[in-house]
Structures are given as structure tokens and as C-alpha cells.
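>>> What follows is a predicted protein model with its sequence.
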Amino acid sequence: MNDARPRARVVSRRRVYAGKVLELYVDDVIEPGEVRARREVVRHAGSVATLAVDDQQRVLLVRQYRYALDDEIWELPAGRIDGDEAPEAGARRELEEEAGVQAGQVEPIAFFHTTPGFCDERMFIFRATRLTLGPARPEPDERIELRWFTPDEVDRLISTGEVHEGKTLVALLLEQARRRSG
């Protein structure tokens, strides 16, 4: 397939930082329409998240400290895609590592770019069912609290703003819509 969309031309590129999670570049570009610009771009391998739903229609959220926010937040079990790992495999791995949950069935429910104004991160969200519980294996720097939320509790978390993290809101709102449509 021939992709005829106009693309930016990179005049110069400088890697400013390379870390465990991301790389930061400063690019001088000529964008479509001959717009000259300097763009700071975070390059990221991509992320996965899993909405685990048990037989009672409860959803699993994890609460952990996030340094960038200097706060503990409720969110889906999630993490980076490792190397050439397929998104579904990464979602299964993260669910098992963070929560000790194995999924008998996994289906994709969303794909989006997290912050396209400055970052190329791709987020894949999966819905997991037919769950088996086991021991979690969090990373040494992770302190994770697990909790299962009923549909009514999820509604309250959303309406009160207690859940305010993007991927989790997307997944919970999609689950609400699924539940309401039968």
C-alpha cells in the first residue's frame, strides 16, 4: 500500500538522553506545509495494560507510588513492552508479575498514543478473563497494593475523580459501556 501522507523531513537529530525507560531527542524538522520547527521527542518502546475482570464482574486495580506525581494512584497492572515482545505477551506478563494473576482469555480492547504532542509511546490495553490467582512477582522497586472493585465502586472511582490516570480511565469507561450494552 502506498502511503501518500506528507511526512516531516528531519534536518538534524540530537539524542539528549538515553535511559532505561525512554530516550529524548531534539529534532530540527521541516513539517508538511514547509513549517520549520524544533521538536523535543520522547521515544518509548510501547506499553501494555490489562483490565482483569473476574467471574463476579469485579475489576482489578493496583495502587502504587508514582514518583512523577509524588502520589499513590489506582491504575491497571501495566508496564513496558520488553524488546520484541508481542503486546499480548507483555500484558499477560505484567498482570502475572504485578498481581499474580494468569488469564485464561485475553482480548484487545484499545490502542492509542499516550501523549502524541511530544512522545511516540503506543499503549495496548487488553481485557483478561478466566483468571487464576497466584503469587505476584513485582520488581524490587515496586510496592503494589491490589484490590478488586465492583462495578458500582468503579462508577464511584470515576465520578469522584479518584481514578485520574489515562489508560485506566479508558479501560474502565470501555468496561462500563460494555456492561451497560449487555
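Happy to help now that I have it.

>>> What about the most far-flung residue of the chain relative to its centre? Give its phi and psi, please.
Distance from the centre of the chain peaks at E34, with 33.7 Å (C-alpha atoms, centre = their mean). When read as degrees, to the nearest 10, the backbone of E34 gives phi 60, psi 30.

>>> can you count the residues close to E107?
Other residues lying near E107 total 11 when counted by other C-beta atoms under 10 Å. No exception for glycine: its C-beta is placed from N, CA and C like everyone else's.

>>> helices or strands next to the host helix or strand of it in the packing?
Taking DSSP states H and E as the definition, E107 sits inside strand 101-113. Judged by 3 or more C-beta pairs under 8 Å, 6 or more residues apart in numbering; DSSP states H and E, the packing partners of strand 101-113 are strand 47-52, helix 87-99, strand 122-133, helix 166-180.

>>> please redo it, this time with the cut-off set to 6 Å
Judged by 3 or more C-beta pairs under 6 Å, 6 or more residues apart in numbering; DSSP states H and E, the packing partners of strand 101-113 are helix 87-99, strand 122-133.

>>> Relative to the shortest one, what are the paired strands and their orientations?
For strand 122-133, the paired strands and their directions (DSSP bridges) read strand 47-52 (parallel), strand 101-113 (antiparallel).

>>> Out of those strands, the one nearest R5 is which?
The minimum distance between R5 and the strands paired with strand 122-133 falls on strand 101-113, with 15.7 Å, by C-beta to C-beta.

>>> Would you mind getting the angle between the closest one and helix 166-180?
110 degrees (axes from the mean of the first three to the mean of the last three C-alpha atoms, to 10 degrees).

>>> Pull out the buried residues from strand 101-113.
Residues of strand 101-113 classed as buried by neighbour count (16 or more other C-beta atoms under 10 Å): V101, A103, V106, I109, A110.

>>> Generate a markdown table for these, with distance to R39 and pLDDT as supplementary columns.
What follows is the buried residues of strand 101-113, written out as a markdown table (distance: C-beta to C-beta, whole Å; pLDDT from 0 to 100):
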| residue | distance to R39 | pLDDT |
| --- | --- | --- |
| V101 | 39 | 96 |
| A103 | 38 | 97 |
| V106 | 35 | 98 |
| I109 | 31 | 97 |
| A110 | 26 | 97 |
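
>>> from those, which single one is nearest T132?
The closest of the buried residues of strand 101-113, once distances to T132 are taken by C-beta to C-beta, is V101, at 7.2 Å.

>>> which residues touch that closest one?
V101 sits next to A52, L95, L131, L133 when contact means C-beta atoms under 6 Å, 6 or more residues apart in numbering.
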